[in-house]
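In: Structure for the following, please:
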Amino acid sequence: MKLVILDRDGVINYDSDAFIRSVDEWRPIEGSIDAIARLAQAGYTIAVATNQSGIARGYLSLETLQAIHRRMEEAVTEAGGAIAHIAFCPHGPGDGCACRKPLPGMIDEILDRLGAQHIEERWLVGDSLRDLQAGVSRGFRPVLVRTGKGVKTEMDRSSLPENTLIFDDLARFAEHIIAEGGA
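Out: Numbering: from 1, shown residues only. All right, here's what the predicted structure looks like:
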């Protein structure tokens with residue numbers, strides 16, 4: 001199995017400091033849906049790991065989050081791809097859970113759900129340091145995209161995990177690993 005775990009806000013869709021609170025506010029970043037479809041068509045299993053503290057803060061309900069995720073999955077399916085699993089953390093920063101990135105709880109959930117004991121390649125694509133830290137803790141190759149908070153994250157290159165690859169967006173990352181065969 002070749003596995004790519006994606007952060008959601010800032011990687012797949014535009015992020016908002018005021019949180020994505022409705023299906024109407026969820027807007028994919030140009031090229032991101034097609035990038036997911038191309039990765040899936042090239043044999044990569046795609047999963048999403050996303051902190052969603054807006055639930056704990058009362059900004060959106062679990063039902064709204066599920067509707068947003070259905071819209072995202074439908075867009076990917078229409079483009080010819082698939083998302084194998086979406087893991088989310090509904091907790092706030094101070095709730096003391098084990099799933100909120102940078103902790104690896106969602107990564108573990110994805111690995112368990114997919115039965116991914118034998119992974120040939122493992123990538124984690126995010127726009128923040130905490131995304132990358134969660135992936136690295138479970139042996140994923142870190143990829144920073146400059147969309148979302150990525151440009152700000154890149155400013156402190158010394159804090160990035162060793163061997164972090166940096167791309168302008170998810171589409172450029174997909175082009176790279178498909179062309180390079182995962183290298």
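In: hey, which strand is longest across this protein?
Out: Longest strand in the chain, counting residues (DSSP state E): strand 44-51.
In: Which neighbouring elements make contact with it?
Out: For strand 44-51, the packing partners by 3 or more C-beta pairs under 8 Å, 6 or more residues apart in numbering; DSSP states H and E come out as strand 2-6, helix 32-41, helix 62-78, strand 85-89, helix 105-114, helix 129-136. (Glycine included, C-beta is placed from N, CA and C.)
In: if you average pLDDT over the second one, what comes out?
Out: Spelled out, that is helix 32-41. Averaged over helix 32-41, pLDDT sits at 98.
In: one step back: pLDDT on the longest strand of the chain, on average?
Out: 98.
In: roughly how far is that strand from the heart of the chain?
Out: Relative to the chain's own centre, strand 44-51 is displaced by 5 Å; criterion: C-alpha atoms, centre = their mean, to the nearest Å.
In: which stretches of this protein have low pLDDT?
Out: Applying pLDDT under 70 to the chain flags residues 182-183.
In: swap the cut-off to 90 and go again
Out: For the chain, the stretches with pLDDT under 90 are 116-120, 180-183.
In: follow-up on the earlier one: could you point out which of the helices and strands packed on strand 44-51 sits nearest residue 21?
Out: Residue 21 sits nearest to helix 62-78 of all the helices and strands packed on strand 44-51, at 7.2 Å, using C-beta to C-beta.
In: coming back round to it: want to throw the helices and strands packed on strand 44-51 into CSV with distance to residue 51 and mean neighbour count?
Out: Putting the helices and strands packed on strand 44-51 into CSV (distance: least, C-beta to C-beta, whole Å; neighbours: other C-beta atoms under 10 Å) gives the following:
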stretch, distance to residue 51, mean neighbour count
strand 2-6, 13, 23
helix 32-41, 18, 22
helix 62-78, 12, 16
strand 85-89, 5, 20
helix 105-114, 8, 18
helix 129-136, 8, 24
